[in-house]
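Enquirer: can't give you the sequence, but here's the structure:
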């Protein structure tokens with residue numbers, strides 16, 4: 001008994017001597033949570049709404065939905081929701097998707113007459129066995145679930161469309177002067193991730209065109225073990241590389257959020273070396289630990305961050321063609 005007790009005490013002393021080192025190695029870096037990040041300048045006001053949910057202990061899924069409601073309902077924002085610039089036929093068509101920490105996801109594409117497509121996407125996720133509904137089917141589903149049919153074409157957007165018709169030149173630049181998407185990702189106090197992405201798409205597109213924003217893995221992807229990513233810009237190029245999923249997988253391999261976004265941008269350049277000089281694409285990433293980063297093709301891609309340490313600050317991402 002004495003021998004066993006002596007060995008026990010000796011082993012306890014040895015463990016105690018190692019305790020400070022164990023604490024340091026296990027701690028490494030404190031998780032930054034809750035935190036919400038979103039694309040472009042309008043991400044600041046969107047983040048403020050999302051923060052109301054996160055700061056009160058709410059779920060990341062609710063935070064991102066409530067957050068993107070802000071630009072969706074703002075008639076002055078011409079690339080999201082109400083007031084969005086129409087397609088070349090004068091119709092405002094909306095795309096959106098949402099994804100939670102359990103890999104549940106919902107999406108709508110080419111949806112007309114509904115101010116908040118993100119909430120229709122959530123209904124698709126929660127009330128159907130499907131991931132995506134499009135066009136008339138999406139509208140019928142929205143109306144059956146209590147959404148109101150409204151005219152989304154404001155006088156200002158209609159005037160801009162009629163002016164465009166004089167030359168009918170399609171130039172999908174999508175930069176800070178012509179925002180196209182709000183993508184939002186949040187990490188809540190429970191350590192869970194969710195994301196949302198919503199847009200009226202590229203101005204004056206062909207009727208029926210759908211970009212990356214409502215496509216899970218392209219415009220948005222959430223992996224609750226690793227992180228979440230959203231994209232913005234010319235969606236065709238994001239779709240070609242399944243961009244958001246690619247960035248998550250790069251983070252899984254150990255890349256930082258910014259480096260993972262940079263590698264995705266470099267792949268677009270490799271695929272489309274000439275076209276990449278004329279368009280904008282940006283990626284925004286958030287890890288499970290609350291680390292974030294972004295990278296874009298051209299200068300001008302901004303993103304907003306809100307956490308307890310960072311009270312809703314706007315940043316400009318590094319860029320491939322930046323100087």
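Expert: Looks like it arrived, so ask away. Everything numeric in this text was worked out from a predicted model, so none of it was measured.
Enquirer: immediately after the one helix or strand residue 164 maps to, which helix or strand?
Expert: Using DSSP states H and E, residue 164 sits within helix 155-165. Going down the chain from helix 155-165, the next helix or strand is strand 182-187, by DSSP H and E.
Enquirer: Off-centre distance for that next one?
Expert: Distance of strand 182-187 from its chain centroid, counting by Cα atoms, centre = their mean, to the nearest Å, is 4 Å.
Enquirer: counting contacts, what elements does that strand pack onto?
Expert: strand 35-39, helix 43-55, helix 60-72, strand 193-199, strand 227-233, strand 281-287 (3 or more Cβ pairs under 8 Å, 6 or more residues apart in numbering; DSSP states H and E). In this view, the C-beta of every residue, glycine as well, is placed from N, C-alpha and C.
Enquirer: So what are the sheet partners of it and their directions?
Expert: The pairing partners recorded for strand 182-187 under DSSP bridges are strand 35-39 (antiparallel), strand 193-199 (antiparallel).
Enquirer: if we can go back for a sec, where's the helix holding residue 164 relative to the chain centroid, distance-wise?
Expert: Taking Cα atoms, centre = their mean, one finds helix 155-165 lying 28 Å from the centre of the chain it belongs to.
Enquirer: so where is the protein shaky, pLDDT-wise?
Expert: By pLDDT under 70, the low-scoring segments of the chain are 1-29, 172-179, 323.
Enquirer: Spatially central residue in it, please.
Expert: Nearest to the geometric centre of the chain sits residue 183, at 2.9 Å (Cα atoms, centre = their mean).
Enquirer: check which helix or strand covers the residue nearest to residue 215 when sequence neighbours are not counted.
Expert: The shortest distance from residue 215 to any non-neighbouring residue, by Cβ to Cβ, 6 or more residues apart in numbering, is to residue 239 (6.4 Å). Here residue 239 sits within helix 235-240, counting by DSSP H and E.
Enquirer: Show me what that helix is packed against.
Expert: helix 257-271.
Enquirer: quick one on the thing from earlier: now render the helices and strands packed on strand 182-187 as JSON lines, adding mean neighbour count and distance to residue 318.
Expert: Converted to JSON lines, the helices and strands packed on strand 182-187 look like this (neighbours: other Cβ atoms under 10 Å; distance: least, Cβ to Cβ, whole Å):
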{"stretch": "strand 35-39", "mean neighbour count": "29", "distance to residue 318": "15"}
{"stretch": "helix 43-55", "mean neighbour count": "22", "distance to residue 318": "17"}
{"stretch": "helix 60-72", "mean neighbour count": "27", "distance to residue 318": "24"}
{"stretch": "strand 193-199", "mean neighbour count": "31", "distance to residue 318": "22"}
{"stretch": "strand 227-233", "mean neighbour count": "32", "distance to residue 318": "15"}
{"stretch": "strand 281-287", "mean neighbour count": "29", "distance to residue 318": "10"}
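Enquirer: Export these to a markdown table and append columns for distance to residue 274.
Expert: Shown next, in a markdown table, are the helices and strands packed on strand 182-187 (distance: least, Cβ to Cβ, whole Å):
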| stretch | distance to residue 274 |
| --- | --- |
| strand 35-39 | 25 |
| helix 43-55 | 30 |
| helix 60-72 | 32 |
| strand 193-199 | 25 |
| strand 227-233 | 16 |
| strand 281-287 | 14 |
